[in-house]
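**Student:** generate coordinates for the sequence data below:
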Amino acid sequence: MDLSPINIFQALQAASSQDAAGPRKPAEAQLKQWEILPGFYSMIQDVYLDRSVSLSIRWIAVIYFKNGVDKYWRKTAKNCLGPEEKAQIRSKVFNAVDEANKQLMAQNAYAVSKICRIDYPNEWPELFNDLTNIIKSGIESDDNIKLHNALQILNQIVKSLSAVRFGRSRAALMQVTPTLLAFISNIYYDFTQRWMQEVNVACMEIGYLCLKISGRLLSDGYEFANRAPEARNMFAGTVAHLQGFITNYDNLSTELLEKHIKGLGKLYHGLISMQPTAFLSMPGACDVIRTYLTIIEKKAPEFHREDHDSDESIEFWEKIIVQGLILIKKAISVIYKNGATTIRYRSNDDKEETKAAVDMLKNDIFNKNTISHFTMVLLTWYLRLRPSDLESWNDDPESWVNEDLQNAWEYQLRPCAEKVFGDIMANFLDTVVQLILSFVEKAINDDSILLKDASFCAFGLGSNSLTEVVDFNTMFENVFQAQGYINSSADYKIIRRRLCLIIQEWVSVKCSSENRIRIYQLLTNFLNAEDPLNDIVVQLTAVQALRFTIDDWDFEIDGFLPFLNGFIDRIFKLMDQVKQIESKLHLLQVISVITDRVGLKIVPYADAILKILPTLWEQAQTEHIIKGVILQTLTNLVNATGAGSSSCHFIVLPALKTCLDRSLDSYDLLFEDALMLWDSTVKKTINLTDDLIELFPHLLDCLDRSTESLYFLLTILESYVLLAPELIISKFALPLFTIFARCIPQLSLDTVGPVTKILSAFTLQVPIESYGESLVQSNLFQVLVETTLDPNNSPIAIVQYLGVFARMSFSRPDLVIQLLHHVAHTNGNSDLLSNFFELWFEKIDNMGHPKDRKLNCLGLTSFLKTNEPIFMSKLNGLFGVWSQLLDEINESQGDSDLYYTNDDFADPEQLCDEHTKRHLTLLKTNDIVHIVSLKDYIRDSLNFAKEANGGEEGFSQRWLSQTDPHVLEMVAAVVSK
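**Tutor:** A predicted model of the protein is given here:
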């Protein structure tokens, strides 16, 4: 079917059908074919702009248009739109400003913003002039629909351009911001004044849009917003409005007014985040902070009323107070960081401006009186559990504790207050320390559980601030430990939860070995499900405290092992008890950490752990974070069980196959965790099973595509090569070598070593004849030669490549000579062999390790058996190498202690690794460095060369006439010993 307006209309009409079995699928397929044709999106635009068309068809059209802009607008996109069609589309995008349907208009605004992000300012320099003219027209004609739609488009454009951090779009936005902000702020003032005098929903919506636009322009459109008069005027107006809106809220608690108040909070947050000094230097900035401080104190008691559910505004005030707390937190950080939020250069004027802002904060806002009073407000009201907390705890304890453990403090009142409280202690400790300690001391003996919990919360939050003031070990022994065993009231479960949180905060800061034992005992008690005080909240929080205790630098395994059986047993029972997948995630994380820390001691529990993982994997479905933790647990379990890890394969291998399937959405999210598991599995296994072999094509695919994980992939490949070199060569040599040939010229220095190590492992275990053809067909040998000869390559990399050539040469010097001639012929370079050998002799001096020097000496010496004229003409260099090494090294049966200096496997603990054992065995039994006597090999090769040239006299006449007699005498003397 040809592309035409009528055909597109008919296809869209069919695509909008609700009958999936009818014409919808063929229509969607036809639209899919057309979308790459010129003119398609311009015609689609015409459809959704035509108000005579039904809304369902227009909706389908605008969605296609929006998605097409995302997909095809960039010049670099495949089948991108042409310049003429783009210009045609741009000329019509504002034709929808009279659209009454808000959903349709929102999609159009989004599409326009995406176009602007790419085309502004170069292809669309008149953008803001056109848009401001439309806005003016809407105001003049009193057309609120037109005005609202134009502002909505402008808001999306500013939002899109604000996200650009550098480049021409960013600079162009900053250039237009002063004029644009002055224009929009005037509209904001005008329409806000109208609805404040007489409530008008249309005016409120327009004012709110102007507020959103102004907020983004303030924070992202200036480098120093405080130095621009229009920005200062706009900010000053919002300060008065903030106080006015809050005052009016009790009488006019509408959703739009709530949006205005929250919008002002977002404006302040955006500015203080991007330009903290600018925010504090604005007129009325201190009044903004004071306003929020007043709201925080005034509204505090309302959150602790028993009838809080009856107040519909409580949720709104919670959001406003969270905004205020975050603003205060950011202001405190300005003092702490002295205004420095970026590494951008600051002039002396900038520094003075920052200093003035910081001094103003310290003196006018965060003085001793204010800080002390605010700290008491937080202690008294905001660190306390609220009735709503206790109600949620009792109604649905598992959901409540999971939400609490997520620590989404930017959106929750109590966690946000705790963050601010922690910052106050970190930055104003001298001012508040005595106040806090007195509060804690008083609360310890108070009958109020909630007050005691709040005081313990304050102590826990001070783990990084109070270490020099309070001795945690003494506090734990004398106070917390005893509190943990009190069971006189059901409410003491609140204290048990809090003690777990204190342990999390303090155990890694200051905790003695003796107290760690006491903590294990206390947590064991908290995990006793038979104790009615230990509900799900207490047990799950205790499990988290256990994770922090053992996943710590000062963890001592001997102190923990007596409790291992009890903890594992209780965690498994809790796993059966909890219902939510998030709870199982927390428990699994602890099991994973325990497995990692205790190593082989986990083996008796391995089967039980493996039993629960398949079910968890199925339950996780699209929860990839949980699947990631399962993979990490499996990795730790494989590492812990070592040679016995084959018992894990029944779940490991299917999981790896799923994670390595690029067609699944989970591929990118689980790839790194899967690689770690794969690496451990292959390293620990004794035999390469068929299932592991089936994964190898995935490894080739990953090697061919991945650059960030290349080093990790190479370690996995090395393990495969050590396990079954003949199998890898017979089945995968050509595709593997082809990948190597493509990637070697671009390898970073840290990945050259693994590649050469793998190639060397092949030469140590498999005859070169088995893969010589693949070396040529894949072009790998040629790439190795060219890379080695590249003068821009690192000397370290060249030495590593020469090591590969040395092993190949020792195995089959005649074949290597043949392959070198092939490369010389292919490149049309008759000097290639000569250059290659000269480089090789030259680089011997760059080889610092004796084993590298011997390896390359053996490789070069092997060419005596080829009688290759080009090599034989360079015997002076070879004899020089001999004289150096024979004088330097004393061998015993072909080996020397010098060859093990700084060896990768010198650490005896590494020998528990099956991979390391295989490598060490390979080196000991197959490596020519360790099993071939250098002196004997030189003697035998020299004798072979003499016989090939008619005896010693013929050899001397042909090849030694230019050799230094003293060198010959030295070599002869050493070889004859």
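**Student:** which residues of the stretch 651-800 of the chain fall in strands?
**Tutor:** Remark: strands of the stretch 651-800 of the chain are absent; assignment by DSSP state E, counting those that start in this stretch.
**Student:** by contact count, what packs against the one helix or strand W317 maps to?
**Tutor:** Taking DSSP states H and E as the criterion, W317 maps to helix 314-337. Contact here means 3 or more C-beta pairs under 8 Å, 6 or more residues apart in numbering; DSSP states H and E; on that basis helix 314-337 packs against helix 255-274, helix 276-281, helix 285-299, helix 348-360, helix 413-427. Yep, even glycine has a C-beta here, placed from its N, CA and C like the rest.
**Student:** out of those helices, which is closest to E969?
**Tutor:** helix 348-360 (75.1 Å; C-beta to C-beta).
**Student:** could you point out the helix or strand that follows that closest one?
**Tutor:** Next element after helix 348-360 (DSSP H and E): helix 368-377.
**Student:** tell me the mean pLDDT over stretch 948-960?
**Tutor:** For stretch 948-960, mean pLDDT rounds to 85.
**Student:** in it, what counts as buried?
**Tutor:** 949, 955, 959-960 (16 or more other C-beta atoms under 10 Å).
**Student:** check stretch 503-516 too.
**Tutor:** Counting neighbours by 16+ other C-beta under 10 Å, stretch 503-516 gives 503-508, 510-511, 515-516 as buried.
**Student:** can you redo those as a markdown table with distance to M1?
**Tutor:** Shown next, in a markdown table, are the buried residues of stretch 503-516 (distance: C-beta to C-beta, whole Å):
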| residue | distance to M1 |
| --- | --- |
| I503 | 70 |
| Q504 | 65 |
| E505 | 68 |
| W506 | 72 |
| V507 | 70 |
| S508 | 68 |
| K510 | 76 |
| C511 | 75 |
| N515 | 79 |
| R516 | 75 |
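**Student:** and of those residues, the nearest to F712?
**Tutor:** For the buried residues of stretch 503-516, the nearest to F712 is S508 (28.9 Å; C-beta to C-beta).
**Student:** circling back: N464: which of the helices and strands packed on helix 314-337 is closest?
**Tutor:** helix 413-427 (6.7 Å).
**Student:** other SSEs contacting that closest one?
**Tutor:** Short answer (3+ C-beta pairs under 8 Å, 6+ apart): helix 413-427 packs on helix 314-337, helix 368-377, helix 429-444, helix 449-461.
**Student:** winner for burial among those?
**Tutor:** helix 449-461 (a mean of 23; mean count of other C-beta atoms under 10 Å).
**Student:** which element follows it toward the C-terminus?
**Tutor:** Going down the chain from helix 449-461, the next helix or strand is helix 472-475, by DSSP H and E.
**Student:** touching that next one from outside, list them.
**Tutor:** 459, 463, 506, 509-512, 514-515 (C-beta atoms under 8 Å, 6 or more residues apart in numbering).
**Student:** so which bits of the helix or strand that it is followed by are buried?
**Tutor:** Per DSSP H and E, the first helix or strand lying C-terminal to helix 472-475 is helix 481-484. Using 16+ other C-beta under 10 Å as the test for burial, helix 481-484 gives 481, 483-484.
**Student:** gap between helix 481-484 and the chain center?
**Tutor:** 40 Å (C-alpha atoms, centre = their mean, to the nearest Å).
**Student:** circling back to that earlier point, so which of the buried residues of stretch 503-516 is the closest to I63?
**Tutor:** For the buried residues of stretch 503-516, the nearest to I63 is Q504 (47.5 Å; C-beta to C-beta).
**Student:** can you check the pLDDT for that closest one?
**Tutor:** For Q504, the predicted pLDDT is 95.
**Student:** now the angle from the helix holding W317 to helix 348-360?
**Tutor:** Helix 314-337 and helix 348-360 are oriented at 120 degrees to each other (axes from the mean of the first three to the mean of the last three C-alpha atoms, to 10 degrees).
**Student:** state the mean pLDDT of helix 314-337.
**Tutor:** On average, helix 314-337 scores 93.
**Student:** which pair in the contacts of helix 472-475 spans the largest distance?
**Tutor:** F459 and E514 (20.1 Å).
**Student:** show me where the stretch 51-200 of the chain has helices.
**Tutor:** Secondary structure of the stretch 51-200 of the chain (DSSP state H, counting those that start in this stretch): helices at 55-72, 83-90, 102-119, 127-140, 144-162, 168-197.
**Student:** which one of those helices lies nearest to L688?
**Tutor:** helix 55-72 (43.9 Å).
**Student:** residues of that closest one that come out buried?
**Tutor:** Buried, per 16+ other C-beta under 10 Å, within helix 55-72: 57-66, 68-69, 71-72.
**Student:** nice, that's everything, thank you.
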